[in-house]
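**Q** I'll drop the sequence and a predicted model, then ask my questions.
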Amino acid sequence: MDKGTVIVTGGASGIGLAAARRLRAAGWRVALMDRDQGALARAADEIGAEGTTTHVVDVTDEAAVAEAVSEAAAAGPVRGLVNSAGIAADVPLAETSAALFRKILDVNVVGSFLLVRSVVPLMEAAGGGAIVNIASVSGMKGNTGRTAYGASKGAVITMTKVMAVELAANGIRVNAVAPGPVDTPMVEAVHTSAARETWLRHVPMRRYGAPDEIAGAIVYLLDDSLSSYVTGHILAVDGGFVAGGTVRPM
């Protein structure tokens, strides 16, 4: 069944690619967006060219976002959006520069806002739609080294709730997935071996998640046959991290 077009930012790797793969298998046409043209081409080859389009775009560039969304809509009605493009840093407060803080907010918060604002008229024209923003448990708890990243993901969480309230009457649902530690290229670049040990001590399931496990939650939140009455929700997919209190030693 053709479910319409879903735009996936950060779709060339990690959670975005895993989500795109599962969404295509579920009957969505997928518009992959990413800054890395080579990685986009490889992702499209993996998913399959039929029903997949690629768009090189910097999500912080307002004009480029509008153009890419317009191009994606040419393949068919846009009914879904996954805001997975993001950057991270593990830097103590005293070492966090204003430039780094602004950069992380620009990609993670402003980028997500620009995509949502661009797709809303298209979803209204299509009779409704669903949006999934990628937040983080670092936007829900005070994890060390996450002054900038945690602030950005906390903003995504609040933005998701406001968008859900404003857009409900338009037939558009907006939710967020808040992953815990997940084995993605971005996490591998940020988490040192010491950081991994710390995370594993505090995750009750004692392991990192896989991108496909986050993708499953994304598919659920986009599918009206499964989650038609769910909006404004922040779904932690984190091996129990947010729920955790004291944990037995490993």
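**A** Great, that's in hand. Because the structure is predicted, anything quoted here is derived from the model rather than measured. Numbering: from 1, shown residues only.
**Q** Which SSE is immediately downstream of the top helix by length along the chain?
**A** Longest helix in the chain, counting residues (DSSP state H): helix 147-167. Moving toward the C-terminus from helix 147-167, the next helix or strand (DSSP states H and E) is strand 172-179.
**Q** That following strand versus helix 147-167: what angle between them?
**A** Angle, strand 172-179 to helix 147-167, by axes from the mean of the first three to the mean of the last three Cα atoms, to 10 degrees: 160 degrees.
**Q** could I get strand 172-179 in PDB with only the CA atoms?
**A** Taking Å, rounded to 0.1, in the frame of the first residue of the first chain, the C-alpha atoms of strand 172-179 are listed here in PDB:
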ATOM      1  CA  ILE A 172      -1.000  16.500  11.700                       C
ATOM      2  CA  ARG A 173       0.400  14.500  14.600                       C
ATOM      3  CA  VAL A 174       3.800  15.400  16.000                       C
ATOM      4  CA  ASN A 175       5.800  13.200  18.300                       C
ATOM      5  CA  ALA A 176       9.400  12.700  19.300                       C
ATOM      6  CA  VAL A 177      11.600   9.700  19.900                       C
ATOM      7  CA  ALA A 178      14.300  10.100  22.600                       C
ATOM      8  CA  PRO A 179      17.000   7.500  22.100                       C
END
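**Q** for the longest helix of the chain, packing partners?
**A** Identification of packing neighbours for helix 147-167 by 3 or more Cβ pairs under 8 Å, 6 or more residues apart in numbering; DSSP states H and E yields helix 98-105, helix 111-125, strand 129-134, strand 172-179, strand 234-237. No exception for glycine: its C-beta is placed from N, CA and C like everyone else's.
**Q** who's in contact with the first one?
**A** Taking Cβ atoms under 8 Å, 6 or more residues apart in numbering as the criterion, the residues outside helix 98-105 that touch it are 87-89, 91, 147-149, 151-152, 155.
**Q** could I get those residues as a markdown table with pLDDT and distance to Leu167?
**A** Listed next are the contacts of helix 98-105 as a markdown table, based on pLDDT from 0 to 100; distance: Cβ to Cβ, whole Å:
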| residue | pLDDT | distance to Leu167 |
| --- | --- | --- |
| Ile87 | 96 | 26 |
| Ala88 | 94 | 27 |
| Ala89 | 93 | 31 |
| Val91 | 95 | 34 |
| Thr147 | 97 | 30 |
| Ala148 | 97 | 28 |
| Tyr149 | 97 | 26 |
| Ala151 | 98 | 24 |
| Ser152 | 98 | 21 |
| Ala155 | 98 | 18 |
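**Q** follow-up on the earlier one: in the longest helix of the chain, what counts as buried?
**A** 147-157, 159-161, 163-164, 167 (16 or more other Cβ atoms under 10 Å).
**Q** orientation of that helix relative to helix 111-125 in degrees?
**A** Interaxial angle of helix 147-167 relative to helix 111-125 (the same axes, to 10 degrees): 20 degrees.
**Q** Give me the residue ranges of the protein where confidence is low.
**A** 1, 246-247, 249-250 (pLDDT under 70).
**Q** what's the neighbour count on Pro77?
**A** Using other Cβ atoms under 10 Å, Pro77 has 17 neighbouring residues.
**Q** Ramachandran coordinates for it?
**A** For Pro77, the backbone dihedrals (degrees, to the nearest 10) come out as phi -50, psi 130.
**Q** tell me the contacts of it?
**A** Contacts of Pro77 (Cβ under 8 Å, 6+ apart): 4-5, 122, 125-126.
**Q** can you rerun that using 6 Å?
**A** Residues in contact with Pro77 (Cβ atoms under 6 Å, 6 or more residues apart in numbering) are 4, 126.
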